[in-house]
Structures are given as C-alpha cells and as structure tokens.
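In: structure for the following, please:
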Amino acid sequence: MTDSADLDAWASELSEALGIGELVVPVSVVLDLARDAAHSVARPAAPLTTFLVGFAAARRGGTAADIAAAAAIASQLALRRLP
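Out: Numbering: from 1, shown residues only. Down below sits the predicted model:
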C-alpha cells in the first residue's frame, strides 16, 4: 500500500513541476472521489472524474472550498449509480 506521505510528496513535487507549487492538494478528497467514481461508475471513470473536478474547481477559483464543492457534487452523482 502507498504511504500517504509518499502521495503528499508526489503531489508537492508534481505541483511544483507544473508551476502550481502554491496549491495545497487535498489528497484524501481526491482519493475518495476516485474511489467513488471507480466503484459506482467504472474504473476508468476515476481519472476522468478527478480531472473534471479539478478543472471545475479551477474555473470556480481554485480554493480548497472550490475543490471540496466540486468533489462533493461528483461523489454524490457517482454514488447515485449504486443499486
């Protein structure tokens, strides 16, 4: 299993390389969202969902609240597909 510190370090390293180093990545929110999409929709929905949520959050302003709001919408939509 991947250590959460490894994921935090990766998110930090990648953010810096992408020129968004000031971004604090809510890793657990992203992973929970990916899980909901993968289990409720289909496995390939996980990366697609996280990308779309990130894009939507950025368009809203990119704050932690924007990320949480977009993730909540996507999780709720995905979880509605469960029987």
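In: ok, residues contacting the helix or strand hosting Thr50?
Out: Element membership for Thr50 (DSSP states H and E) is helix 45-60. The contact list for helix 45-60 (CB atoms under 8 Å, 6 or more residues apart in numbering) reads 30, 33-38, 41, 63, 66-67, 69-71, 73-74, 78. In this view, the C-beta of every residue, glycine as well, is placed from N, C-alpha and C.
In: distance of Arg80 from Val29?
Out: Between Arg80 and Val29 the distance, using CB to CB, to the nearest Å, works out to 19 Å.
In: actually Arg35, sorry about that
Out: 11 Å.
In: more neighbours, the two?
Out: Val29 (18 against 13; other CB atoms under 10 Å).
In: buried sites along the helix holding Thr50?
Out: 45-46, 49-50, 53-54, 56-57 (16 or more other CB atoms under 10 Å).
In: skip the chain neighbours and tell me the closest residue to Ser28.
Out: Ser4 (7.8 Å; CB to CB, 6 or more residues apart in numbering).
In: what is the neighbour count of that neighbour?
Out: Ser4: 11 neighbours (other CB under 10 Å).
In: could you identify the helix or strand that succeeds the helix or strand bottoming out on mean pLDDT in the chain?
Out: Every helix and strand of the chain was ranked by mean pLDDT, DSSP states H and E. The lowest is helix 4-17, at a mean of 93. For helix 4-17, the following helix or strand on the C-terminal side (DSSP H and E) is helix 27-40.
In: only C-alpha atoms, please: export that following helix in CSV.
Out: What follows is helix 27-40 as a C-alpha-only set of coordinates in CSV (Å, rounded to 0.1, in the frame of the first residue of the first chain):
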residue,chain,number,x,y,z
VAL,A,27,-5.1,14.1,-1.4
SER,A,28,-7.7,12.3,0.7
VAL,A,29,-10.5,14.2,-1.0
VAL,A,30,-9.1,13.3,-4.5
LEU,A,31,-8.6,9.6,-3.5
ASP,A,32,-12.1,9.4,-2.0
LEU,A,33,-13.6,10.9,-5.2
ALA,A,34,-11.6,8.5,-7.4
ARG,A,35,-12.9,5.6,-5.3
ASP,A,36,-16.5,6.7,-5.5
ALA,A,37,-16.2,7.0,-9.3
ALA,A,38,-14.4,3.8,-9.8
HIS,A,39,-16.8,1.7,-7.7
SER,A,40,-20.0,3.4,-8.7
